[in-house]
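Participant: sharing a model prediction with you, sequence too.
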Amino acid sequence: MLCSKRLVASVVVGAVSAEAFLAPAMPSARMTATARRGNLAPQAGLNGLRMTAAVPSEEENPELWKGTQTLDNQLRVRIDDEWYDLSRWRKAHPAGTHWIDLYKDQDATEVMYGFHSDKAMEMMKRLPKANTIPDNVKPMSQTTMNFRKWRADLVKDGWFDREWKHEAFNVGSWAVWLTAGIMLAQFHTFAFQFAAATVLGISNTIAGWLAHDYTHGRGKFCEIMRPFGYLCGGMSPTWWSDKHNVHHARTNEVGIDEDIATDPALFLWAPDPKNDVPWRKWQGLYLPLPMSLLFLIWRFDSIRVAIERKDWKETIGLALHYAFMFTFVSPLTLLGAVLISGFMTATITTVTHQSEEIFFDENPEFVEGQFRSTRDAVCSNPFSEWLWGGMQYQLEHHLFPTMPRYKYPRLMPQVAQFAKDNNMDLRITNEWDLLKLNVENYKRVAALDAQPGAKGSRPPSQKKDITSIVASLAPNE
């Protein structure tokens, strides 16, 4: 008989491991204090965008710009049809070596433009060119080349510029729900405390979307608003972006995208018998439990990482957040709000990917991969449209992560035309049908027999370095 204590423990451990296991390696202890305090989240776009962290200047270490003369040590990456030798630069990369290693002998143009600033793009031109070109690297498809032109046109036409009325509405609506939740929490009856937890849960989800906006976003406004994440949302933007941008770059790639590494709590495909658990057959029933833990885990990891990295600005900001909340809200009510918010947010963020294609042994080009692994949702009412926080336009967001989310509805006709012109499958489903599709997918996997030889969601290696992860995924000779 299945032990209930063992099941609950596994759900917690599985949820924790799904969030924490594939987090990129911690910054080097040799990183300067300025770099540690910088914005470690790679940002996207062109004009006015910021670099992910303070970057060592050419004068600090000119060797970084020289590359290597040893062929075996070359770490070559292609950006805009130019091959660069990043073998010496990799350790100085502000967001970690894993990003450089992940694109060894590959094209990284979309990631470079998708997660870096003007300053980074200018610095790139000073990097050493590779002396040789890797063998058997295919030219980019016409679809990708069409996408690059489209993106450049959108930048030129101002699609990445922010509009104050929308920004004011987003912040104002969050503040209204937060205030209402705090007011309800002042009445000490079960009904009022439950209502307060629900309202505060909604405000916490909206705070998460706002922090998401400002971490992805560009320009001075997003730079100023970046502390919103730890002051108002209780989450570290630095920790969150480190893990989230890998998901953006390599969506639904097994062993790299941690968002699909949810076992042993939840399985998205039939596992190898050695990775299976008795309770998999019940995952369609207990699905809400691990999803509810999302924000609880994120908040714990935010505190842990801020302290480990000695990021005192974020640590103090998180302390101020909890000091404010516990002044007006009881710990139990806040816990309820975090669990309710976790369930809502996890449901919204997972349904647009987890029933789509999962790449076990394939690394598709960026644009193709996003179309194949992502589905948009059509919200049925204005409240849902607001609550989803732009994630109903998941494909648009993955293609253009720094574009303000309120511009995605206007962008949809262009996305549809691009899909038609390039023979791409544009997937759009009603929100309730999409939720049903995901629940049915979990139930379907629950009924499957274990498959000997099935790839695990995580590599056998316990190292957090992406290079080790990629190496461990290579098929055995």
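Facilitator: Ah, there it is. It should be emphasised that the depicted structure is a prediction, and the values quoted were computed from it without experimental measurement.

Participant: how close does the residue lying closest to Glu82 once chain neighbours are set aside sit to Asp81?
Facilitator: In space, and not counting its chain neighbours, Glu82 is closest to Lys129: 6.8 Å by CB to CB, 6 or more residues apart in numbering. For the C-beta atoms, the positions are set from N, CA and C on the backbone; glycine is no exception. As defined by CB to CB, to the nearest Å, Lys129 lies at a distance of 12 Å from Asp81.

Participant: got the domain ranges for the chain?
Facilitator: Using automatic domain parsing, the domain parsing of the chain gives 4-25+160-473, 40-155.

Participant: mind putting those in a markdown table, mean pLDDT included?
Facilitator: Formatted as a markdown table, those follow (pLDDT from 0 to 100):
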| stretch | mean pLDDT |
| --- | --- |
| domain 4-25+160-473 | 88 |
| domain 40-155 | 73 |
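
Participant: in the chain, where's the longest helix?
Facilitator: In terms of residue count, the longest helix belonging to the chain (DSSP state H) is helix 190-216.

Participant: got the buried residues for it?
Facilitator: Neighbour-count burial for helix 190-216, with 16 or more other CB atoms under 10 Å as criterion, is recorded at 193, 195-216.

Participant: beyond that helix, next helix or strand please.
Facilitator: Following helix 190-216 in sequence order, the next helix or strand is helix 219-225 (DSSP states H and E).

Participant: what packs against that following helix?
Facilitator: On a contact count with 3 or more CB pairs under 8 Å, 6 or more residues apart in numbering; DSSP states H and E, helix 219-225 meets helix 190-216.

Participant: just checking, what packs against the helix it packs on?
Facilitator: helix 164-185, helix 219-225, helix 228-231, helix 237-249, helix 331-351, helix 382-387.

Participant: please redo it, this time with the cut-off set to 10 Å
Facilitator: Counting contacts by 3 or more CB pairs under 10 Å, 6 or more residues apart in numbering; DSSP states H and E, helix 190-216 is packed against helix 164-185, helix 219-225, helix 228-231, helix 237-249, helix 294-308, helix 312-328, helix 331-351, helix 382-387.

Participant: just put these in CSV and tack on distance to Val77 and mean neighbour count.
Facilitator: Shown next, in CSV, are those (distance: least, CB to CB, whole Å; neighbours: other CB atoms under 10 Å):
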stretch, distance to Val77, mean neighbour count
helix 164-185, 35, 16
helix 219-225, 27, 16
helix 228-231, 30, 24
helix 237-249, 13, 23
helix 294-308, 27, 19
helix 312-328, 30, 16
helix 331-351, 29, 21
helix 382-387, 39, 14
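
Participant: who wins for proximity to Ala152 among those helices?
Facilitator: Ranking the helices and strands packed on helix 190-216 by distance to Ala152, with CB to CB as the measure, places helix 219-225 first at 18.2 Å.

Participant: quick check: Ser292 touching Ala265?
Facilitator: No - in this structure, Ser292 is not within contact of Ala265 by CB atoms under 10 Å, at 11.3 Å.

Participant: what's the first-to-last distance across stretch 214-232?
Facilitator: 12 Å (CA to CA, to the nearest Å).

Participant: how distant is it from the center of its chain?
Facilitator: Counting by CA atoms, centre = their mean, to the nearest Å, stretch 214-232 is centred 16 Å from the centre of its parent chain.

Participant: and if you look at stretch 404-418?
Facilitator: 20 Å.

Participant: right, and Ile79 touches Met123 too?
Facilitator: No - the criterion here is CB under 10 Å, and Ile79 misses it with Met123 at 11.8 Å.

Participant: now do the shared contacts for the two.
Facilitator: Common contacts of Ile79 and Met123, defined by CB atoms under 10 Å, 6 or more residues apart in numbering, comprise His116.

Participant: so for these two, which sits in the more crowded spot?
Facilitator: Between Ile79 and Met123, counting by other CB atoms under 10 Å, Ile79 is the more crowded of the two (21 against 17).

Participant: give me the distance between that one and Val111.
Facilitator: Distance from Ile79 to Val111, by CB to CB: 9 Å.

Participant: show me whatever sits in contact with both of those two.
Facilitator: Tyr103.

Participant: so what's Tyr393 closest to, chain neighbours aside?
Facilitator: Counting by CB to CB, 6+ apart, Tyr408 is the residue found nearest to Tyr393 once chain neighbours are left out, at 3.6 Å.

Participant: now the one you found: which helix or strand?
Facilitator: Going by DSSP H and E, Tyr408 is part of helix 408-421.

Participant: which elements pack onto whatever helix or strand comes next after that helix?
Facilitator: Heading C-terminal from helix 408-421, the first helix or strand you meet, by DSSP H and E, is strand 428-430. Contacts defined by 3+ CB pairs under 10 Å, 6+ apart place strand 428-430 against strand 376-378, helix 408-421, helix 431-447.

Participant: convert the C-alpha atoms of the second one to PDB, please.
Facilitator: The C-alpha trace of helix 408-421 is given here as PDB (Å, rounded to 0.1, in the frame of the first residue of the first chain):
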ATOM      1  CA  TYR A 408       1.200  41.200 -27.400                       C
ATOM      2  CA  PRO A 409      -2.500  41.400 -28.400                       C
ATOM      3  CA  ARG A 410      -1.700  43.900 -31.100                       C
ATOM      4  CA  LEU A 411       1.200  41.700 -32.200                       C
ATOM      5  CA  MET A 412      -0.900  38.600 -32.700                       C
ATOM      6  CA  PRO A 413      -1.900  39.300 -36.300                       C
ATOM      7  CA  GLN A 414       1.800  39.700 -37.300                       C
ATOM      8  CA  VAL A 415       2.600  36.400 -35.500                       C
ATOM      9  CA  ALA A 416      -0.200  34.700 -37.400                       C
ATOM     10  CA  GLN A 417       1.000  36.100 -40.700                       C
ATOM     11  CA  PHE A 418       4.600  35.100 -39.900                       C
ATOM     12  CA  ALA A 419       3.400  31.500 -39.100                       C
ATOM     13  CA  LYS A 420       1.500  31.400 -42.400                       C
ATOM     14  CA  ASP A 421       4.400  32.700 -44.500                       C
END
